[in-house]
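> All I have is the shape, not the residue letters:
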């Protein structure tokens, strides 16, 4: 096919442009394709992990319901599905079962795992339960230290627990100071947590 002079110039310019930028363009397109494929692959992996974690969690609960040792299943959840919420929930449940059986020393490990590796939304519950376990072991200073790390929406619960620890040591003044400080803080938040305020005020009212 014959081309006129203007078309020949356009073809020549296109060839020159492609020679200069062709490899870069192909590379950018390839990176985009690989990134998209990687994203889809990761998305599939995440969904698959959740499905497997659900099954493992269900099996774990089944073992607990039979009052059998579920330690191996808990370890499997923690090791293989640590990034899912199921590992944290299983750890909290195991700690509750051990504590109910009076095995307070053993109950510490699954709670510590939640604090180190678990989902953020379970940190508050784990700290409260660990404080309870340490109180049962008469480790008041350690229990207080566990509650020193603030967790969103747990100000009132932590203050209540700290007050219990101080009262355990017959330090009513410190318990009152802790509750009052938490109450003042909660009242300044927006919006005010009415239930937290009522809980703290009630605890203060019935202090010895």
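Happy to help now that I have it. Bear in mind that the values here come from a model prediction, so they are computed numbers and not experimental data.
> Quick check: the spatially closest residue to residue 132 that is not a sequence neighbour vs residue 116, distance?
Once flanking residues are discounted, residue 132 sits nearest to residue 99: 7.1 Å by CB to CB, 6 or more residues apart in numbering. Bear in mind the C-beta positions are built from the backbone N, C-alpha and C, glycine included. For residue 99, the distance to residue 116 (CB to CB, to the nearest Å) stands at 19 Å.
> How about residue 74?
Here the criterion is CB to CB. By it, residue 74 lies 15 Å from residue 116.
> pLDDT below threshold where in this structure?
Along the chain, the parts satisfying pLDDT under 70 run over 1-14, 16-18, 20-48.
> now what about stretch 170-182, what contacts it?
155-156, 158-160, 162-164, 166-167, 200, 203-204, 207-208 (CB atoms under 8 Å, 6 or more residues apart in numbering).
> Tell me which other helices or strands the helix or strand hosting residue 72 touches.
Here residue 72, judged by DSSP states H and E, is contained in helix 71-80. Applying 3 or more CB pairs under 8 Å, 6 or more residues apart in numbering; DSSP states H and E, we find helix 71-80 packed against helix 5-65, helix 85-100, helix 104-117.
> middle-most residue in the protein, spatially?
Nearest to the centroid of the C-alpha atoms of the chain, with distances taken as CA atoms, centre = their mean, sits residue 119, at 1.5 Å.
> what's it in contact with, if anything?
Residues in contact with residue 119 (CB under 8 Å, 6+ apart) are 84, 85, 88.
> Looking at the residues you listed, which one is closest to residue 69?
Distances from the contacts of residue 119 to residue 69 were compared by CB to CB; the smallest belongs to residue 88, at 20.1 Å.
> Report the separation between the residue lying closest to residue 200 once chain neighbours are set aside and residue 197.
The shortest distance from residue 200 to any residue that is not its chain neighbour, by CB to CB, 6+ apart, is 4.3 Å, and that residue is residue 183. When distances are taken as CB to CB, residue 183 and residue 197 turn out to be 7 Å apart.
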